[in-house]
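Visitor: Structure for the following, please:
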Amino acid sequence: MSFNKKTYTTILLVVYMVVATLYVAAELQRFHHFPTKPDRSLDILVVGDWGRRGLYNQSNVAHQMGKIGEKLDVDFIVSAGDNFYEDGLIDEEDPLFDESFTQVYTAKSLQKQWYSVLGNHDYRGNVLAQLSPALKQKDSKWLCLRSFIVNSGIVEFFFIDTTPFEDKYFTDEDHDYDWRGVLPREEYLSNLLKEVDMALEKSNATWKIVIGHHTIFSAGSHGNTQELIDQLLPILEAREVDLYINGHDHCLQHISSQNSQLQFLTSGGGSKAWRGEVNQWNPKEMQFYYDGQGFMTLRVTESDISVAFYDVFGEIIHSWSNSKYTHMDS
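Guide: A predicted model of the protein is given here:
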């Protein structure tokens, strides 16, 4: 069978369209959440490791989040994973969802959109239930996906599913993990890293913030995550990401990088904390460590970004800010 030039060109075009369609379908899902304030500023609450039916000071942290959320008129809330302890959700009807989320975060200021990633404890349950749209029907503020992007104009948030990166979860004999949608693992991780790298490269936002459950660097009990250091960190540095925000270690923490502008922020104090395990760290990098409950706020403008950590009493215990020259500056 022979092809003339016109037929060959047509076939190439069809193949290109099919490949392009598959590629677009593989891209990270994107949401838009633009600032509504006149000055175009964006205020966000960040909390991780919380879902314990209000116990272990979860309700107290939620109360302070509500107060600070009202004061700042927050635009949305970020959950850094381990949303439901100890073993995620059983199914979409699991009462743990209401008892740990809807019935705890009741303040008016917290009835904004929640953007959530999965943690390792969530993977011990029914992952598909936690990702199900049925939960959003139960509570409209809930949104949880594996990996996705929230575009807010001046800042883009890249949410990354970090649990499948850790080797130890695949050999853990004490717990069962729901790997549906992840296997084959190598292909899943390869595609995810390519998508994240490409999305970061394409981003023209002034600020780029990456959010995952697991630590990259941490002085806490879990410590560093070597798989993320090896596979994800080089991308974040090459694409000039400003912040990496995580949970996992049940503490509040700020580590700066000596290799780039990247700041590592841990907000894992949503409930059970006070583990009493703190590792030695380079004082030039360790800006702040608090072995207790609390949460974090993030304020972003065209030229400035600022972070504050709050304890369970609603007191600011650490703050940090940075500025960038932009075309909007005079």
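
Visitor: Look up the closest residue to Leu243, ignoring the ones flanking it.
Guide: The spatially closest residue to Leu243, leaving aside those adjacent along the chain, is Ile209, at 4.6 Å (Cβ to Cβ, 6 or more residues apart in numbering). The way it works is simple: take the backbone N, C-alpha and C, and place the C-beta from them, glycine included.

Visitor: what about that neighbour, which helix or strand?
Guide: strand 207-212 (DSSP states H and E).

Visitor: and that strand, how far out from the chain's middle?
Guide: Here strand 207-212 is found 7 Å from its chain centre; the criterion is Cα atoms, centre = their mean, to the nearest Å.

Visitor: what do you get for stretch 39-57?
Guide: 12 Å.

Visitor: What of stretch 134-149?
Guide: The answer for stretch 134-149 is 13 Å, by Cα atoms, centre = their mean.

Visitor: before we move on, what about stretch 189-199?
Guide: Counting by Cα atoms, centre = their mean, stretch 189-199 is centred 16 Å from the centre of its parent chain.

Visitor: who touches it?
Guide: The contact list for stretch 189-199 (Cβ atoms under 8 Å, 6 or more residues apart in numbering) reads 26-28, 147, 149, 158, 160-161, 164-165, 210, 231-232, 235, 239.

Visitor: where's the closest residue in space to Phe165 that isn't next to it in sequence, which helix or strand?
Guide: Excluding its sequence neighbours, the residue lying closest to Phe165 (Cβ to Cβ, 6+ apart) is Glu227, at 4.4 Å. Using DSSP H and E, Glu227 maps to helix 226-231.

Visitor: which element follows that helix toward the C-terminus?
Guide: helix 233-238.

Visitor: Can you spell out which helices and strands pack onto the next helix or strand after that next one?
Guide: Where DSSP H and E defines the elements, the next helix or strand beyond helix 233-238 is strand 243-246. Packing partners of strand 243-246 (3 or more Cβ pairs under 8 Å, 6 or more residues apart in numbering; DSSP states H and E): strand 207-212, strand 263-267, strand 294-300.

Visitor: okay, how far is it across stretch 150-167, tip to tip?
Guide: Across stretch 150-167, the straight-line distance between its terminal residues is 28 Å, by Cα to Cα, to the nearest Å.

Visitor: Which positions in it come out as buried?
Guide: 150-152, 154-166 (16 or more other Cβ atoms under 10 Å).

Visitor: quick one, helices of this structure?
Guide: Counting by DSSP state H, the chain has these helices, from start to end: 5-26, 58-72, 96-97, 120-123, 127-131, 133-138, 185-202, 226-231, 233-238.

Visitor: Please identify the one among those that comes closest to Leu262.
Guide: Proximity to Leu262 (Cβ to Cβ) singles out helix 233-238 among the helices of the chain, at 6.0 Å.

Visitor: Buried ones in that closest one, by neighbour count?
Guide: Leu233, Ile235, Leu236.

Visitor: what does stretch 237-257 give?
Guide: Those would be 239, 241-257, for stretch 237-257 by 16+ other Cβ under 10 Å.

Visitor: The residue nearest to Phe165 - how many residues pack around it?
Guide: By other Cβ atoms under 10 Å, 17 other residues sit near Glu227.

Visitor: Kindly report the same for Gly181.
Guide: 12.

Visitor: wait, it sits on Asn126?
Guide: No. With contact defined as Cβ atoms under 8 Å, Gly181 and Asn126 do not form a contacting pair (11.8 Å).

Visitor: and the residue nearest to Asn279 when sequence neighbours are not counted, what pLDDT?
Guide: Nearest residue to Asn279, sequence neighbours excluded (Cβ to Cβ, 6+ apart): Ala219, at 4.6 Å. pLDDT recorded at Ala219 is 97.

Visitor: cool, the one 10 residues further on as well?
Guide: Model confidence at Ile229, given as pLDDT, is 98.

Visitor: May I have the beta-bridge partners of the residue nearest to the spatial centre of the chain?
Guide: Centroid-nearest residue in the chain: Ile211, 3.0 Å away (criterion: Cα atoms, centre = their mean). In this entry, Ile211 is beta-bridged to Phe159, Ile245, by DSSP bridges.

Visitor: what sits against it?
Guide: So Ile211 contacts Val78, Ala80, Val117, Phe157, Phe158, Phe159, Ile160, Tyr244, Ile245, Asn246 (Cβ under 8 Å, 6+ apart).

Visitor: Neighbours of the second one, how many?
Guide: Ala80 is flanked by 30 other residues according to other Cβ under 10 Å.

Visitor: And it, how close does it get to Ile68?
Guide: Separation of Ala80 from Ile68 (Cβ to Cβ, to the nearest Å): 17 Å.
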